[in-house]
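Visitor: Here is a sequence together with a model predicted from it:
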Amino acid sequence: MTNPTTTPVPIPGPRNIEWVGNARTGHLRLLDQTLLPNEVTYLECKDVQSVWDAIKRLSVRGAPAIGVAAAFGCVIGAQWDTFEESADHLATSRPTAVNLFWAIDRMKRVQPRTYDALLSEAKTIHAEDATMCQQIGEHALSFIQQLKPQASSVKPLSFLTHCNAGALATGGIGTATSPMYLAHQKGQPVRVFADETRPLLQGARLTAFELAASGIDVTLICDGMAGQVLREGKVDVVITGADRIAANGDAANKIGTYPLAVMAKHHGIPFLVAAPSSTFDMSTATGDAIPIEQRASEEITEGFGLRTAPPNVITYSPAFDVTPAELITAIITERGAIQPVNTERVQSVINHTSPKRTQ
Ligand code: MRU
C-alpha cells in the first residue's frame, strides 16, 4: 500500500479529549458523551477515579478514545504519586477494548517517569491515533473504490455503520467514519445509514450527530431495520469499528455487529472492519477468548430514565459480540488492508507484541 497523501480532514464537532495545563498541575477535559446530542458538557477530571468513572459510564467511549483517556489518566496518577496503582486501576474500567491495555502498557514503559515525559507520551498516543484514523480512511476509501468502481461523483457511495466508530470514539476522524469524511471532503456524494445501536443508542446520539454536523447525508434506522435496508439494495458497503481483534482476525465490536456481518454475507455486500493496529490483540488466538463486557440490566430496562420492561424482568446484556474472520471481507488498518482475513495475513500486517492482559 502507498502512503496516504490527502490533506487531513479537520476533526468534526466538539473535541472529545483534551489535556488542559502543564504536566505537574494540569488535568483532563472530557466531553460527556452520555449527554449528547442534547448537551455539550465537559467533565474536568483532576483525579484518577473521575477518569475511571468517565470510562465506565461511557462519558468517554470507543476503543481508541478509551486508550487515550487512560493514558492521560496515568499522568494524573503520577501527579498523585500513585502511578502504578492508578494505571492498574484504570485497566479495570472496561474489559473488551484492548486499546485500554495497550495505552496503559505504553505509559508504564516511559523512562524516566517524569511528569513531562508521561504527558508527552500521552499526547503522542493521542496524536498518533489521529494520524492512524486519517490513514485508515485513505486505505478504506481506495479499497471501497476498487470494490465499487461504479460509485461516482453522481451516484452516492452508500455506507451502513453500527454504533459510533467516529471522531467521538477516537483521537481523530474516526475509523469506520474516516472514509466517509474523506469522500465527503473530496466532493464525492456519500450516504450513510446509521444503526441506532441498542441499548445505549451510540449510533443515534453520536454517529448521526457528528455526521450531520459535518454535512454528511445520514439516515437513522433502528437496528432491526438493517436487514430490510440491505435487502432493498440501498447499501454499497457495511463498515464498523472494532474493540479487539484476535490474531486470526475475529473481531469484537458493539453488540449487533455480528448479525450485520451475517446479513451482509447473505446479500453479497462487502463487510469491512476499520481499526488501528492498537486494536489487535496478537496474544488472543481467536475471538472465543475475547472477554465480553456485561452491562447493567437497567441499560436495557430503563436506559434513558423511562422504564420499558416489567419490574424484575431477567435481562442478559453483553456489550459486544464477535464477528468471525470468515464473515469479514477485509480489515482496514493504518498499514493497509488485511484480505483475506486470516492468521497469516493478520500476522504479516500487524507485528507488534500485544500488551499483557489484565482481564
Ligand atoms: O461501548 P462503546 O460505545 O465504547 O462501544 C464502541 C464500539 O463498539 C466502537 O465501534 C469501537 O470501540 C470502535 S471505535 C473506533
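Guide: Here it is on my side, so go on. Numbering: from 1, shown residues only.

Visitor: ok, which residues in the protein are in contact with the ligand?
Guide: 58, 61-64, 97, 163, 165, 169-170, 175, 202, 240-243, 253-254, 319 (C-beta under 6 Å from any ligand atom). The C-beta positions use only the backbone N, C-alpha and C, and glycine is treated the same way.

Visitor: mind running it again at 5 Å?
Guide: Arg61, Gly62, Ala63, Cys163, Ala165, Ala169, Thr175, Gln202, Gly241, Asp243, Asn253, Lys254 (C-beta under 5 Å from any ligand atom).

Visitor: Tell me the residue of this structure that sits nearest the ligand?
Guide: Going by C-beta to the nearest ligand atom, the ligand is nearest to Gly241 of the chain, at 2.7 Å.

Visitor: got a list of what that residue touches?
Guide: When the contact criterion is C-beta atoms under 8 Å, 6 or more residues apart in numbering, the partners of Gly241 are 62-63, 163, 165, 169, 174-176, 253-254, 273-275, 279.

Visitor: Out of those residues, which is nearest to Glu293?
Guide: Of all the contacts of Gly241, Lys254 has the smallest distance to Glu293: 10.4 Å, by C-beta to C-beta.

Visitor: What confidence value was assigned to the spatially closest residue to Asn16 that is not a sequence neighbour?
Guide: Spatial nearest neighbour of Asn16, chain neighbours left out: Leu31 (4.6 Å); criterion: C-beta to C-beta, 6 or more residues apart in numbering. pLDDT, Leu31: 98.

Visitor: Isn't Leu31 up against Pro37?
Guide: No. The pair Leu31 / Pro37 is not scored as a contact, 11.6 Å apart, by C-beta atoms under 8 Å.

Visitor: Look at those two and report which has more neighbours.
Guide: Leu31 (22 against 16; other C-beta atoms under 10 Å).

Visitor: low-scoring pLDDT stretches of the stretch 151-300 of the chain, where are they?
Guide: Low-confidence segments of the stretch 151-300 of the chain (pLDDT under 70): 151-153.

Visitor: any idea where the helices of it begin and end?
Guide: 178-185, 202, 208-213, 226-231, 257-266, 298-301 (DSSP state H, counting those that start in this stretch).

Visitor: Pick the most deeply packed of the ones you listed.
Guide: helix 202 (a mean of 28; mean count of other C-beta atoms under 10 Å).

Visitor: Pull the residues that contact it.
Guide: So helix 202 is contacted by Arg61, Cys163, Asn164, Lys254 (C-beta under 8 Å, 6+ apart).
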